[in-house]
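Participant: Here you go, sequence then predicted model.
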Amino acid sequence: MSGRTTALTPPADARPPVRHPEAPAPGEVIGAHYDNCFGCGGGVPHGLHLEVRAGEGVRVTAEFRVREAHQGAPGLAHGGVLATALDETLGSLNWLTRVIAVTGRLETDYVLPVPVDTVLHLDAEVSAVHGRKIYCTATGRIGGPEGPVAVRADAVFIEVKLEHFVNNGRPAEIKAVLSDPDQLKVVRAFEVNP
Ligand SMILES: CCCCCCCCCCCCCC(=O)SCCNC(=O)CCNC(=O)[C@H](O)C(C)(C)COP(=O)(O)OP(=O)(O)OC[C@H]1O[C@@H](n2cnc3c(N)ncnc32)[C@H](O)[C@@H]1OP(=O)(O)O
């Protein structure tokens with residue numbers, strides 16, 4: 001066996017996820033975590049501009065319209081772009097747990113081709129937590145929120161401290177973020193987490 005499946009399956013003593021008491025209310029739009037994020041930032045013209053909403057429990061939904069800049073084959077979305085949409089939606093679950101976590105492993109199934117102009121209806125939830133490992137799944141449906149699944153993913157996110165970004169990000173961007181009052185609000189939202 002490759003070991004991939006094992007790594008994506010929560011161990012028997014994993015815990016159910018806990019929604020943070022100050023998580024955004026169900027239905028509330030979760031704003032971009034960073035203006036230059038390729039997944040959610042408004043400052044990236046060819047980015048995905050994902051608008052994510054908090055759901056019930058530890059769940060989020062999002063919509064992503066595939067544009068010409070996102071093609072792989074003629075008229076079809078690039079698989080890597082679709083994986084990014086799943087990854088970004090999964091990353092937004094951080095806002096419901098108030099735990100900062102980055103993608104450790106992401107396994108994607110491509111079920112249906114996704115043409116340009118399609119709106120992908122994304123849905124992600126945390127299934128279990130074990131230590132710093134956060135097990136989660138996501139689907140992307142076409143034709144509506146109840147339409148057929150076109151893409152899906154299983155993932156393990158790993159909890160990190162803010163230092164993960166401060167110590168590893170290019171200094172110019174880190175400096176800019178830390179001197180931006182709006183961005184600092186994002187950082188502080190996580191700092192209050194015990
Ligand atoms: C200032 C700005 C703030 C902005 C905030 C919002 C940002 C949100 C962004 C969201 C954007 C969207 C999302 C994005 O795009 S996030 C961007 C893409 N992801 C990354 O760049 C992550 C790069 N990787 C790393 O930095 C390290 O490898 C990490 C931090 C992940 C682990 O290295 P670390 O040295 O810390 O960990 P450890 O070795 O002590 O292991 C700890 C535990 O984890 C388990 N494990 C480790 N790796 C894996 C794996 N691959 N699969 C399964 N499990 C794995 C390991 O077995 C162990 O478990 P256990 O043995 O204890 O049971």
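Facilitator: Received the coordinates, thanks. Numbers count the residues shown, from 1 in each chain.
Participant: For this structure, which segments are assigned as helices?
Facilitator: For the chain, the helices defined by DSSP state H occupy 4-8, 79-91, 94-97, 163-168, 171-178, 181-191.
Participant: How about exporting the fourth one as CSV, limited to the C-alpha atoms?
Facilitator: C-alpha atoms of helix 163-168 as CSV (Å, rounded to 0.1, in the frame of the first residue of the first chain):
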residue,chain,number,x,y,z
GLU,A,163,5.7,32.1,13.1
HIS,A,164,5.2,29.6,10.3
PHE,A,165,4.4,32.5,8.0
VAL,A,166,6.6,35.2,9.6
ASN,A,167,9.7,33.0,9.5
ASN,A,168,9.1,31.5,6.0
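Participant: can you tell me if that helix touches the ligand.
Facilitator: Yes - in terms of CB under 6 Å from any ligand atom, part of helix 163-168 sits within range of the ligand, namely residue 165. (Each C-beta comes from the backbone N, C-alpha and C, glycine too.)
Participant: repeat for the fifth one
Facilitator: Yes - with CB under 6 Å from any ligand atom as the criterion, the ligand is reached by helix 171-178 at residue 177.
Participant: Packing partners of that helix?
Facilitator: With contacts taken as 3 or more CB pairs under 8 Å, 6 or more residues apart in numbering; DSSP states H and E, helix 171-178 sits against helix 163-168, helix 181-191.
Participant: Would you mind getting the angle between the last one and helix 171-178?
Facilitator: Note on geometry: by axes from the mean of the first three to the mean of the last three CA atoms, to 10 degrees, helix 181-191 and helix 171-178 are set 80 degrees apart in direction.
Participant: ok now helix 181-191, how far from the chain's centre?
Facilitator: 18 Å (CA atoms, centre = their mean, to the nearest Å).
Participant: Same question for the first one.
Facilitator: How far helix 163-168 lies from its chain's middle: 19 Å, per CA atoms, centre = their mean.
Participant: What lies in contact with that helix?
Facilitator: For helix 163-168, the surrounding residues in contact (CB atoms under 8 Å, 6 or more residues apart in numbering) are 100, 102, 174, 178.
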